[in-house]
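Trainee: let me see the structure of the following:
(one chain, ligands or ions: 2)
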Amino acid sequence: TGAPDTPLRVENLRKEFGGITAVDGATFAVERGSLTGLIGPNGAGKSTTFNCITGVHDPTAGNVYFEGEDITGLRPDQIANEGLVRTFQIARELEEMTVLENMMLAPRGQLGESLYRSVTPGLRSGVREQEEELRERVWETLELFEIDHLAEEEAGNLSGGQRKLLEMARVLMTDPEMVLLDEPLAGVNPSLEKKLLERVHELRDEGYTFLLVEHDMDVIMNNCEHIIVMHQGQVLAEGDASDIRSNDQVIEAYLGE
Ligand code: ADP
Ligand code: MG
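Mentor: Residues are numbered from 1 along each chain as shown. Ligands and ions are numbered 1, 2, ... in the order given. Okay, the predicted model is just below:
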């Protein structure tokens with residue numbers, strides 16, 4: 001009974017770049033505790049939608065709501081502070097730091113210096129204890145992603161797949177409520193891909209909500225219980241894998257690639 005519990009809602013989202021309409025009135029919602037997939041052929045507007053949700057782009061029109069609050073037009077760090085966090089590339093300046101250092105800096109990097117202080121509980125109990133708590137969480141998270149043996153390795157020396165694991169691990173360090181993943185498997189070898197997806201499933205089972213943007217239809221079909229298909233800036237279809245597989249409009253959209 002009652003309405004579905006949807007932490008993220010996107011309503012009539014529109015984004016124009018000059019004369020190009022990248023997103024053309026997209027409306028969808030993501031259910032709490034779900035692993036929801038967003039797919040669509042190249043140029044469908046997936047990345048632009050993702051960037052509008054996470055504050056990288058200012059939408060031309062429409063609204064993004066997170067936990068019932070209008071977050072349209074907020075800065076990425078403000079949105080991250082609300083608990084809606086995206087995977088982020090390891091910045092150039094962090095490539096020369098070790099995996100451990102990257103992890104220690106993750107809350108600060110994503111949330112901004114002042115917010116880092118407010119989310120780090122230890123300040124009240126002293127700098128030393130704070131550091132100790134953080135370090136403990138860092139190691140737990142590195143172990144979860146099975147990259148603890150790489151702790152002293154420079155981030156710049158990791159393989160593409162190991163980097164993706166580190167990115168996910170860093171996201172968890174910010175205490176997110178919902179995680180947005182844009183093509184998290186691009187360039188990841190099959191064994192790391194399996195590992196990454198297993199972690200995502202475990203975290204979903206713990207109550208995290210995921211929106212996964214992928215070009216690879218099979219990954220989405222095999223992992224997501226709810227799938228949103230975009231085409232030409234709009235939501236073309238929604239449903240589970242069998243709904244989407246049998247949808248003629250979806251088949252047609254992909255055949256046109
Ligand atoms: P997808 O991620 O689904 O492949 P995008 O959101 O990247 O699609 O792109 C949607 C459309 O918007 C494409 O036609 C693309 O060329 C255009 N586009 C995306 N970003 C920009 C930009 N910064 N400036 C101009 N056009 C853009
Ligand atoms: Mg894209």
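Trainee: is Thr27 in a helix, a strand, or coil?
Mentor: strand (DSSP: H, G, I helix; E, B strand; the rest coil).
Trainee: neighbours of Arg86, just the number please.
Mentor: 24 (other C-beta atoms under 10 Å). Just so you know, the C-beta spots here come from the backbone N, C-alpha and C atoms, and that holds for glycine as well.
Trainee: over to Glu140?
Mentor: 12.
Trainee: what of Lys194?
Mentor: 11.
Trainee: for it, give me the pLDDT.
Mentor: pLDDT for Lys194: 87.
Trainee: could you confirm it falls within a helix?
Mentor: Yes - secondary structure of Lys194 (three-state DSSP): part of a helix.
Trainee: report the residue ranges of every domain in the chain.
Mentor: 1-83+176-257, 92-175 (automatic domain parsing).
Trainee: is any part of the longest one close to ligand 1?
Mentor: Yes - counting by C-beta under 6 Å from any ligand atom, ligand 1 is contacted by domain 1-83+176-257 at 17, 20, 22, 40, 42-48.
Trainee: farthest-separated two in the residues you listed?
Mentor: Phe17 and Gly40 (17.4 Å; C-beta to C-beta).
Trainee: picking up where we left off before, among the domains of the chain, which is nearest ligand 2?
Mentor: domain 1-83+176-257 (3.2 Å; C-beta to the ion).
Trainee: for ligand 2, tell me whether the closest one is touching it.
Mentor: Yes - using C-beta under 5 Å from the ion, domain 1-83+176-257 reaches ligand 2 at 46-47.
Trainee: contacting residues around the spatially most central residue of the chain?
Mentor: By C-alpha atoms, centre = their mean, the mean C-alpha position of the chain lies nearest to Leu180, the distance being 1.7 Å. Counting by C-beta atoms under 8 Å, 6 or more residues apart in numbering, Leu180 touches 50, 53-54, 84-87, 210-211, 213.
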